[in-house]
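In: here is the input, now give the coordinates:
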Amino acid sequence: FQVKSENGKSIWNTEEIPEGSEFDDTWDPREQPEYEILFKQCVGTEDVFFGMSRKDPSTACCEDMVIKIKLPETKYSDITLDIQDKVLDLRTPRKKLLLHLPYHVDSKNSKARFLSEEETLEVTLRLSRKFDFINFA
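Out: Numbering: from 1, shown residues only. Here you go, the predicted model:
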């Protein structure tokens, strides 16, 4: 099979470049902070007690992804955060995190809050899912 390129001199197609690679800088000496990814779903009494919906505890039924990033000795004003559909890019004077997200997110409906007493940035990302038999609302 043969791939035609738009420009005869280019050595790769734009489809071959992963989303978010423009943020990647291998020469940046800043260390990566500790982080954890959690999933959150909205449930009501019909889900918990009656089991009327098709929701289960899996990530397929979650509406939000929560990323908790430890940023010791960091002020809120020093944090730069950029969220794309599949990439989270966080930079501070001492730390750098380029995270390729496991699911597409709605970057316009995402929230972040800095918990200064815990020195943690909590980023809540709304998952962007196609409608299926579980995610029908």
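In: for residue 36, see how far away residue 63 is.
Out: Distance from residue 63 to residue 36, counting by Cβ to Cβ, to the nearest Å: 18 Å. All C-beta spots, glycine's among them, are computed from the backbone N, C-alpha and C.
In: these two: which has the busier surroundings?
Out: With neighbours defined as other Cβ atoms under 10 Å, residue 63 and residue 36 compare such that residue 63 has more, 13 against 10.
In: assess the claim that the more buried one and residue 127 are in contact.
Out: Yes: assessed by Cβ atoms under 8 Å, residue 63 is found in contact with residue 127 at 6.0 Å.
In: residue contacts, residue 125?
Out: 64-67, 83, 88, 101, 105-107, 110 (Cβ atoms under 8 Å, 6 or more residues apart in numbering).
In: please check those and keep the buried ones.
Out: Neighbour counting over those (16 or more other Cβ atoms under 10 Å) leaves 64-65, 67, 83, 88, 101, 105, 107, 110 as the buried ones.
In: helices and strands of this structure: which one has the lowest mean pLDDT?
Out: Least confident element among the helices and strands of the chain, by mean pLDDT, DSSP states H and E: helix 45-48 (a mean of 61).
In: which elements pack onto the helix or strand that comes right after that helix?
Out: Next helix or strand after helix 45-48 toward the C-terminus (DSSP states H and E): strand 64-70. Of the remaining helices and strands, those touching strand 64-70 by 3 or more Cβ pairs under 8 Å, 6 or more residues apart in numbering; DSSP states H and E are strand 35-40, strand 120-127.
In: what's the longest strand in this protein?
Out: Assignment by DSSP state E gives strand 105-115 as the longest strand of the chain.
In: contacts made by it with the rest, please.
Out: By Cβ under 8 Å, 6+ apart, strand 105-115 touches 65, 71, 76, 79, 81, 83-86, 120-128.
In: out of the residues you listed, which are buried?
Out: If you count burial by 16+ other Cβ under 10 Å, the buried members of the contacts of strand 105-115 come out as 65, 71, 79, 81, 83-84, 86, 120-121, 123-125, 127.
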